[in-house]
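Undergrad: Got a predicted model here, sequence first, then my questions.
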Amino acid sequence: MKQFLFLEPRWIQFRFTNKDEVMAFTNFDTKEINCKIVYFGPSGSGKSANLQSVLANSTPEIKTGLFEIDKASSSHFFEFLPISLGHVKDFHLKLHIFTIPASRVYKSVVSTIIRGLDGWVFVADARVEKLPENIHAFAKAKELMASAGYLPSMLPYVIQYNKVDLKNLAPIEVMRRELNPAGHDDYEAVAAESIGTMETLQGITKKVLDQICDVS
(Lines give C-alpha, C1' and ligand atoms only; values in the text may rest on other atoms or scores of the structure.)
Protein backbone atom coordinates (compact mmCIF):
# COMPACT_ATOMS: atom_id res chain seq x y z
CA MET A 1 0.00 0.00 0.00
CA LYS A 2 1.34 3.41 -0.96
CA GLN A 3 1.80 5.71 1.98
CA PHE A 4 2.55 9.28 2.88
CA LEU A 5 5.09 10.24 5.47
CA PHE A 6 3.63 10.86 8.90
CA LEU A 7 3.26 14.65 8.79
CA GLU A 8 0.37 16.92 8.03
CA PRO A 9 1.43 20.52 7.33
CA ARG A 10 -1.04 22.05 9.77
CA TRP A 11 0.77 20.36 12.69
CA ILE A 12 3.98 22.33 12.16
CA GLN A 13 4.87 25.67 13.68
CA PHE A 14 8.25 27.16 12.77
CA ARG A 15 10.61 28.42 15.43
CA PHE A 16 12.56 30.80 13.24
CA THR A 17 12.06 34.54 13.15
CA ASN A 18 14.93 35.40 10.80
CA LYS A 19 17.11 33.69 8.23
CA ASP A 20 20.00 32.97 10.60
CA GLU A 21 17.89 30.79 12.90
CA VAL A 22 17.06 28.13 10.29
CA MET A 23 19.21 25.01 10.33
CA ALA A 24 18.01 23.54 7.02
CA PHE A 25 18.79 25.27 3.73
CA THR A 26 16.10 27.86 3.22
CA ASN A 27 15.51 29.79 0.02
CA PHE A 28 13.44 32.80 0.98
CA ASP A 29 13.03 33.81 -2.65
CA THR A 30 11.46 30.52 -3.77
CA LYS A 31 9.91 29.81 -0.35
CA GLU A 32 11.56 26.41 -0.03
CA ILE A 33 13.08 24.63 2.95
CA ASN A 34 15.32 21.70 1.96
CA CYS A 35 16.38 19.22 4.63
CA LYS A 36 19.31 16.99 3.66
CA ILE A 37 19.48 13.43 4.99
CA VAL A 38 22.35 11.09 4.11
CA TYR A 39 22.30 7.29 4.39
CA PHE A 40 25.70 5.84 5.27
CA GLY A 41 26.77 2.22 5.57
CA PRO A 42 29.17 -0.41 4.23
CA SER A 43 28.85 -1.61 0.65
CA GLY A 44 25.97 -4.01 0.27
CA SER A 45 24.28 -3.09 3.52
CA GLY A 46 21.10 -1.94 1.79
CA LYS A 47 21.31 1.83 1.37
CA SER A 48 20.10 1.66 -2.23
CA ALA A 49 17.38 -0.83 -1.27
CA ASN A 50 16.13 1.67 1.33
CA LEU A 51 15.69 4.43 -1.22
CA GLN A 52 14.15 2.07 -3.75
CA SER A 53 11.71 0.97 -1.05
CA VAL A 54 10.83 4.56 -0.14
CA LEU A 55 10.29 5.35 -3.81
CA ALA A 56 8.09 2.29 -4.32
CA ASN A 57 6.00 2.87 -1.20
CA SER A 58 5.44 6.61 -1.50
CA THR A 59 2.49 8.24 -3.17
CA PRO A 60 3.06 10.27 -6.35
CA GLU A 61 2.22 13.43 -4.41
CA ILE A 62 5.39 13.28 -2.31
CA LYS A 63 8.02 11.68 -4.54
CA THR A 64 9.72 13.28 -7.51
CA GLY A 65 12.05 10.54 -8.72
CA LEU A 66 15.25 8.71 -7.90
CA PHE A 67 18.49 9.92 -9.47
CA GLU A 68 21.28 7.35 -9.64
CA ILE A 69 24.96 7.82 -10.40
CA ASP A 70 26.96 5.04 -12.03
CA LYS A 71 24.03 2.95 -13.24
CA ALA A 72 26.38 0.45 -14.92
CA SER A 73 27.75 -0.63 -11.54
CA SER A 74 26.01 -3.15 -9.29
CA SER A 75 26.79 -0.78 -6.42
CA HIS A 76 25.85 2.83 -7.13
CA PHE A 77 28.26 5.51 -5.94
CA PHE A 78 25.40 7.64 -4.69
CA GLU A 79 21.70 8.18 -5.21
CA PHE A 80 19.46 11.17 -4.67
CA LEU A 81 15.76 11.08 -3.87
CA PRO A 82 13.84 14.34 -3.39
CA ILE A 83 10.58 14.08 -1.44
CA SER A 84 7.97 16.75 -0.88
CA LEU A 85 6.39 17.07 2.58
CA GLY A 86 3.93 19.71 1.46
CA HIS A 87 3.58 23.41 2.19
CA VAL A 88 3.95 24.87 5.66
CA LYS A 89 3.36 28.58 6.32
CA ASP A 90 3.93 29.44 2.65
CA PHE A 91 7.14 27.37 2.52
CA HIS A 92 7.54 24.19 0.47
CA LEU A 93 9.17 21.65 2.80
CA LYS A 94 11.35 19.06 1.04
CA LEU A 95 13.61 16.19 1.99
CA HIS A 96 16.74 15.66 -0.08
CA ILE A 97 17.85 12.09 0.61
CA PHE A 98 21.26 10.83 -0.47
CA THR A 99 23.02 7.50 -0.19
CA ILE A 100 26.80 7.34 -0.25
CA PRO A 101 29.32 4.75 0.90
CA ALA A 102 31.61 5.54 3.83
CA SER A 103 34.64 5.47 1.57
CA ARG A 104 37.57 7.63 0.49
CA VAL A 105 36.54 7.11 -3.14
CA TYR A 106 35.47 10.36 -4.82
CA LYS A 107 36.18 12.20 -1.55
CA SER A 108 35.55 15.63 -3.05
CA VAL A 109 32.10 14.56 -4.26
CA VAL A 110 31.28 13.01 -0.90
CA SER A 111 32.30 16.26 0.82
CA THR A 112 29.94 18.16 -1.47
CA ILE A 113 27.06 15.82 -0.66
CA ILE A 114 27.67 16.12 3.08
CA ARG A 115 27.72 19.92 2.96
CA GLY A 116 24.51 21.25 4.47
CA LEU A 117 23.73 17.96 6.23
CA ASP A 118 20.72 18.01 8.57
CA GLY A 119 20.56 14.37 9.67
CA TRP A 120 21.91 10.93 8.89
CA VAL A 121 21.06 7.24 8.90
CA PHE A 122 23.52 4.41 9.31
CA VAL A 123 22.44 1.21 7.58
CA ALA A 124 24.18 -1.83 9.07
CA ASP A 125 24.22 -5.36 7.68
CA ALA A 126 22.89 -7.44 10.56
CA ARG A 127 24.86 -10.59 9.71
CA VAL A 128 27.49 -11.46 12.28
CA GLU A 129 30.28 -11.78 9.72
CA LYS A 130 29.58 -8.19 8.60
CA LEU A 131 30.03 -6.68 12.06
CA PRO A 132 33.67 -5.62 11.47
CA GLU A 133 32.66 -3.91 8.21
CA ASN A 134 29.82 -2.13 10.00
CA ILE A 135 32.12 -0.88 12.73
CA HIS A 136 34.69 0.33 10.19
CA ALA A 137 32.06 2.03 8.01
CA PHE A 138 30.46 3.68 11.04
CA ALA A 139 33.81 5.14 12.08
CA LYS A 140 34.49 6.33 8.52
CA ALA A 141 31.08 7.98 8.29
CA LYS A 142 31.75 9.95 11.46
CA GLU A 143 35.22 10.83 10.16
CA LEU A 144 33.73 12.18 6.93
CA MET A 145 31.23 14.31 8.81
CA ALA A 146 33.91 15.57 11.19
CA SER A 147 36.12 16.52 8.25
CA ALA A 148 33.23 18.63 6.94
CA GLY A 149 33.03 20.48 10.25
CA TYR A 150 30.21 18.57 11.93
CA LEU A 151 29.97 16.91 15.32
CA PRO A 152 28.24 13.69 14.21
CA SER A 153 26.83 12.99 17.67
CA MET A 154 25.13 16.40 17.69
CA LEU A 155 23.30 15.81 14.40
CA PRO A 156 19.99 13.93 14.36
CA TYR A 157 20.60 10.31 13.41
CA VAL A 158 19.14 6.82 13.63
CA ILE A 159 20.53 3.32 13.11
CA GLN A 160 19.01 0.61 10.94
CA TYR A 161 19.90 -3.09 11.26
CA ASN A 162 19.09 -4.42 7.82
CA LYS A 163 18.76 -7.98 6.47
CA VAL A 164 17.33 -9.40 9.70
CA ASP A 165 15.62 -12.10 7.65
CA LEU A 166 18.94 -13.81 6.94
CA LYS A 167 20.81 -16.42 8.97
CA ASN A 168 23.82 -15.91 11.25
CA LEU A 169 22.60 -12.59 12.64
CA ALA A 170 24.66 -10.70 15.16
CA PRO A 171 22.81 -10.40 18.50
CA ILE A 172 20.94 -7.11 18.66
CA GLU A 173 22.62 -6.22 21.96
CA VAL A 174 26.05 -6.64 20.33
CA MET A 175 25.12 -4.38 17.40
CA ARG A 176 23.74 -1.79 19.78
CA ARG A 177 26.87 -1.89 21.91
CA GLU A 178 29.14 -1.44 18.88
CA LEU A 179 27.06 0.92 16.74
CA ASN A 180 24.59 2.61 19.06
CA PRO A 181 26.03 2.91 22.57
CA ALA A 182 24.27 6.26 23.05
CA GLY A 183 20.89 4.60 22.63
CA HIS A 184 19.58 6.54 19.64
CA ASP A 185 16.46 5.30 17.90
CA ASP A 186 17.15 2.15 15.91
CA TYR A 187 15.15 -0.06 13.58
CA GLU A 188 15.26 -3.63 12.32
CA ALA A 189 14.63 -3.92 8.60
CA VAL A 190 14.45 -6.07 5.50
CA ALA A 191 14.87 -3.28 2.96
CA ALA A 192 14.54 -5.58 -0.04
CA GLU A 193 11.00 -6.38 1.14
CA SER A 194 10.19 -2.84 2.29
CA ILE A 195 10.12 -3.84 5.94
CA GLY A 196 11.30 -1.14 8.32
CA THR A 197 12.34 1.30 5.60
CA MET A 198 9.53 3.82 5.94
CA GLU A 199 9.76 3.62 9.72
CA THR A 200 13.46 4.46 9.49
CA LEU A 201 12.80 7.44 7.24
CA GLN A 202 9.95 8.65 9.41
CA GLY A 203 12.17 8.39 12.47
CA ILE A 204 15.01 10.47 11.07
CA THR A 205 12.62 12.97 9.49
CA LYS A 206 10.94 13.61 12.83
CA LYS A 207 14.31 14.22 14.43
CA VAL A 208 15.41 16.61 11.67
CA LEU A 209 12.16 18.56 11.80
CA ASP A 210 12.52 18.89 15.56
CA GLN A 211 15.59 21.02 14.80
CA ILE A 212 13.70 23.57 12.73
CA CYS A 213 10.11 23.49 13.93
CA ASP A 214 7.80 22.70 16.80
CA VAL A 215 5.70 19.61 16.15
CA SER A 216 2.66 19.51 18.38
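TA: Yes, it's here. Numbering: from 1, shown residues only.
Undergrad: in stretch 178-186, what counts as buried?
TA: Within stretch 178-186, the residues scored as buried using 16 or more other Cβ atoms under 10 Å are 179, 180, 184, 185, 186. Backbone N, C-alpha and C define where each C-beta goes, glycine included.
Undergrad: What of stretch 206-213?
TA: Here stretch 206-213 shows 206, 207, 208, 209, 212, 213 as buried, counting by 16+ other Cβ under 10 Å.
Undergrad: what about residue 189, how many neighbours?
TA: Using other Cβ atoms under 10 Å, the number of residues around residue 189 comes to 27.
Undergrad: what about it, which SS state?
TA: strand (DSSP: H, G, I helix; E, B strand; the rest coil).
Undergrad: Touching, residue 35 and residue 118? I think so.
TA: Yes: at 4.7 Å, residue 35 and residue 118 qualify as touching, with contact defined as Cβ atoms under 8 Å.
Undergrad: More neighbours: which of those two?
TA: Per other Cβ under 10 Å, whichever of residue 35 and residue 118 has more neighbours is residue 35, with 26 against 23.
Undergrad: List the contacts of that one.
TA: 24, 25, 93, 94, 95, 96, 118, 119, 205, 208, 209, 212 (Cβ atoms under 8 Å, 6 or more residues apart in numbering).
Undergrad: which residues of the protein score low on pLDDT?
TA: 1-25, 59-78, 101-108, 213-216 (pLDDT under 70).
Undergrad: all helices for it, in order.
TA: Using DSSP state H, the helices of the chain run over residues 47-56, 107-114, 131-147, 172-179, 197-212.
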